[in-house]
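In: A structural model of the following input is requested.
(chains A, B, C and D)
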Protein chains: 2
Amino acid sequence: MFTLSDKTEFIAPIRTGNLAPEHGEYQMQSKFMPAAQPWTSPTKIVGPQIGGAHIAVTYERGQEIYAQGGSADKCYRVSTGAVRVCRILSNGGRQVVSFHVAGEMFGFEAGSQHRYFAEALALTRIVAFEQGLAQQRHLPELLALALEAMERAQEHLLLIGRQSAIERVATFLLDLCERLGGTRQFRLAMSRQDIADYLALTIETVSRAMSELKEQSIISLRHARMVDIRKPDALRSLCGHVAGLS
Amino acid sequence: MFTLSDKTEFIAPIRTGNLAPEHGEYQMQSKFMPAAQPWTSPTKIVGPQIGGAHIAVTYERGQEIYAQGGSADKCYRVSTGAVRVCRILSNGGRQVVSFHVAGEMFGFEAGSQHRYFAEALALTRIVAFEQGLAQQRHLPELLALALEAMERAQEHLLLIGRQSAIERVATFLLDLCERLGGTRQFRLAMSRQDIADYLALTIETVSRAMSELKEQSIISLRHARMVDIRKPDALRSLCGHVAGLS
DNA sequence: CGGCAGATTGAGCAACATCAAGACATGTGG
DNA sequence: CCACATGTCTTGATGTTGCTCAATCTGCCG
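Out: Residues are numbered from 1 along each chain as shown, chains lettered A, B, ... in the order given. Got it, this is the predicted structure:
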């Protein structure tokens, strides 16, 4: 567990008229952020809010935000940085269930215990929201967030269940790009291993897929973590994706 | 689209004190149902309720309950029978996102349109709940259901992402068994193709896994659809499953 | 009985995993 | 500055799982 010691501060609760009235708002929000280095963008925080007491905490890279089995009495918002939510399997493998970048909320669960654990991918600033009495007043927001999390999990399911390795990587890059504000160049906060565990592939296969995309000039890589999407349309067409509404 | 013609009836709204106050109630509920043929259990319906106007409709095997792209203004409860929720992919494949048996609710989505479609697996009786004004009063229930759907999708993700073919089939059988009331013998409402599309396998691989389980006397099959779990513990140990809470 | 849909079984193949070596970037100490 | 160590990523060679294609079998209905 973390201590609130010297890197903690309290923020006055913000009265939000009706933030996140429709699903997806905070994504749209992030689209208008200056996105040179989106996960280190600073003070201007306008994502969804839940009200009640807020606590902002800064985590080092790799630090645990909440533990598997810990009580799920808060939910969290990334203000800067990025987070992975995952679980360790009995065979030693790890499944990353989701990544979260600046502006996104995470941490709500069906039960009272966390079934997954969350860690910071980099130096990350998190705002925690108590889910006590104040929850009553924010049920619509919570419902919208839960439904959106469900939708994400279902899309993730389709991705892993039905797409090839290169399609998964392409979809991942495109999705991340959009969530980071739509810039064509961005830095991956996560390692190849993280990506592999997210896409249910091995690190080698992820690397080969990246190389293949590079080979086809669809992306270019300054460093392994610096992605530049050269042909967004080619990338999109690789996503194989779901059939339009019949 | 379906017509409400001759197979429709109206049911007076039921005032439910506080049904489904905690997540998972309807699962616990189904555990205590007389489960000789759980998906044809009759009148005694005590699952979660949402209130407001109810409409009960009976669907033939294969009939569509709602369409992809249709407006998601209701949610549904299976009273008898079983349902699959799925999507067609551009490559022609199909992903079954979830099955639902008697007592379970389905059909809520993040957006206003259905991103998946639902079909009856057999002769199935469905109660539809309007999600209009009455929704306000049932936000806690809706939230619990949404969180549970999220949890299911995430578990499904782990299953497909990290388990071998035989582990997936074993987990599927065990899960279905529990949801059907825990009887060791039950009838599969879904075809091998449905199971394959649910587990992200091919029909042949599902069949081989079944044969392997039969070979090891872990299950026996009277017919292809009649499962008898002979060694529940062996089946459980095959689930490979997630590590317990660290 | 034939006809048919669904299920099983087999043989060969492709995609991805595994194992192993090397490349690259970053940091540290001399 | 270089030499070295380390962690991360890439690339290659080989192995395995599950997919594809094809044949057969089973239960069911007329």
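
In: okay, now the unreliable bits of chain A?
Out: Chain A contains residues with pLDDT under 70 at A:1-53, A:132-135, A:241-246.

In: show me the domain layout of it.
Out: According to automatic domain parsing, chain A comprises the domains A:8-153, A:163-238.

In: so which bits of chain A are right by DNA strand C?
Out: Within chain A, the residues that sit near DNA strand C (CB under 7 Å from any atom of the strand) are A:164-166, A:200-202, A:204-205, A:223. C-beta coordinates here come from the backbone N, C-alpha and C atoms, glycine included.

In: isn't residue A:117 right up against residue A:62?
Out: No - with contact defined as CB atoms under 8 Å, residue A:117 does not reach residue A:62; the gap is 12.0 Å.

In: more neighbours, the two?
Out: residue A:117 (19 against 10; other CB atoms under 10 Å in any protein chain shown).

In: separation between the more buried one and residue A:97?
Out: 10 Å (CB to CB, to the nearest Å).

In: just the helices in chain A please.
Out: Along chain A, counting by DSSP state H, helices occupy A:25-31, A:139-162, A:165-179, A:192-199, A:203-215, A:232-238.

In: okay if I get the ones you listed as JSON lines plus distance to residue B:160 and mean neighbour count?
Out: Below are the helices of chain A laid out as JSON lines (distance: least, CB to CB, whole Å; neighbours: other CB atoms under 10 Å in any protein chain shown):
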{"stretch": "helix A:25-31", "distance to residue B:160": "25", "mean neighbour count": "17"}
{"stretch": "helix A:139-162", "distance to residue B:160": "5", "mean neighbour count": "22"}
{"stretch": "helix A:165-179", "distance to residue B:160": "12", "mean neighbour count": "20"}
{"stretch": "helix A:192-199", "distance to residue B:160": "12", "mean neighbour count": "21"}
{"stretch": "helix A:203-215", "distance to residue B:160": "16", "mean neighbour count": "16"}
{"stretch": "helix A:232-238", "distance to residue B:160": "21", "mean neighbour count": "15"}
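
In: got those as a markdown table, with distance to residue B:191 columns?
Out: Formatted as a markdown table, the helices of chain A follow (distance: least, CB to CB, whole Å):
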| stretch | distance to residue B:191 |
| --- | --- |
| helix A:25-31 | 38 |
| helix A:139-162 | 18 |
| helix A:165-179 | 27 |
| helix A:192-199 | 29 |
| helix A:203-215 | 32 |
| helix A:232-238 | 32 |
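
In: who's residue A:83 bridged to?
Out: residue A:100, residue A:120 (DSSP bridges).

In: scratch that, residue A:76 is what I was asking about
Out: Beta-bridge partners, per DSSP bridges, of residue A:76: residue A:106, residue A:128.

In: measure it to DNA strand D for me?
Out: 24 Å (CB to the nearest atom of the strand, to the nearest Å).

In: and chain B, which of the helices of chain A is closest to it?
Out: helix A:139-162 (3.4 Å; CB to the nearest CB).

In: contacts only, for the residue nearest to the spatial centre of chain A.
Out: Using CA atoms, centre = their mean, the residue of chain A that lies closest to the mean C-alpha position is residue A:100, 1.5 Å off. By CB atoms under 8 Å, 6 or more residues apart in numbering or on different chains, the residues touching residue A:100 are A:78, A:82-85, A:106.

In: try 7 Å this time
Out: Residues near residue A:100 by CB atoms under 7 Å, 6 or more residues apart in numbering or on different chains: A:78, A:82-83, A:106.
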